[in-house]
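Engineer: Kindly generate the corresponding structure for this input.
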Amino acid sequence: MLLCDGGSTYSKILDTEINDLRIIPTKDLVKDSQRHFHYATGHSSKSHCVHYVNELIALAEGGLQLVDESNFTILDIGSRDMKYVTFIDRQPQNMDWNSSCGGNMGFTVEVLGNYYDIDYSLLNPVSQSIPVTCGLLGVEKVFDEINNGLDPEIGVAKFLHGMAKISYSFSQKPGVVYLSGGFVNNQCFIRSLEEYCDVRLLGRDVLINGLVKIAQEKNFN
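Structural biologist: Just a heads-up that it's a prediction; the model follows:
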């Protein structure tokens, strides 16, 4: 069985027969009109699957597979949007999906890193932040500060801190955040978020784990 989490920039594909998980650029998925999946989530895979699953449902199911606690919050930050689910007694109590104030932040971080040749594993966090309401609007503030003489690495670190702050507020300011998505590999973002809460990393395949559970239940029934 083939499963896919089709993100805006990267897609995760799992072949359950051989337990092979691959992460590919979504542009390659979009170009391959012949590729289809049994179960999929993410807007980039809607036209490539037999069964489509809402991303919040996949995130919730994946979180339940990976977290043993009764009460917890999982936050997923992608290239285009962010979403969270809060559980009480392992039942979803609150969830939201934000593509406006969370819009394009992941994409913007990748663009800034490539443009200024920044290694995010080496980038140190800063205490200051750039107000972030949207990735595309936030990058304008980064460029303004850099053009006024600010070191590019500090400018990008300030953007990441602003992103951490709005992510924390968006997820309703939990004491602990279980982080999902590509930002589990961005140490500067993680350390910035840790100024507001404890951060526990779940990886990039949380939604895939959710699809596995959903597919198993549907096939069993």
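Engineer: Could I get the pLDDT score of Gly42?
Structural biologist: Gly42 is assigned 92 on the pLDDT scale.
Engineer: For Gly78, see how far away it is.
Structural biologist: Noted for Gly42: a distance of 8 Å to Gly78, by C-beta to C-beta, to the nearest Å. Yep, even glycine has a C-beta here, placed from its N, CA and C like the rest.
Engineer: Also Ala157?
Structural biologist: 21 Å.
Engineer: what's the overlap in contacts for Gly42 and Gly78?
Structural biologist: Gly7 (C-beta atoms under 8 Å, 6 or more residues apart in numbering).
Engineer: those strands in this protein, which residues are they?
Structural biologist: Assigned by DSSP state E, the chain shows strands spanning 2-6, 10-15, 20-25, 37-41, 49-52, 72-77, 82-88, 91-98, 176-180, 198-203.
Engineer: in the protein, what secondary structure element scores lowest on mean pLDDT?
Structural biologist: In the chain, no helix or strand scores lower on mean pLDDT, DSSP states H and E than helix 135-147, which sits at a mean of 81.
Engineer: What residues sit buried inside that helix?
Structural biologist: Using 16 or more other C-beta atoms under 10 Å as the test for burial, helix 135-147 gives Gly135, Gly138, Val139, Lys141, Val142, Glu145, Ile146.
Engineer: Do I have it right that the fifth one meets Ile130?
Structural biologist: So that's Val142. Yes - between Val142 and Ile130 there is a contact at 6.3 Å, judged by C-beta atoms under 8 Å.
Engineer: Name the residues contacting each of those two.
Structural biologist: By C-beta under 8 Å, 6+ apart, the residues touching both Val142 and Ile130 are Gly155, Lys158, Phe159.
Engineer: can you pick the most crowded of these?
Structural biologist: When the shared contacts of Val142 and Ile130 are compared by neighbour count (other C-beta atoms under 10 Å), Phe159 ends up highest, at 28 neighbours.
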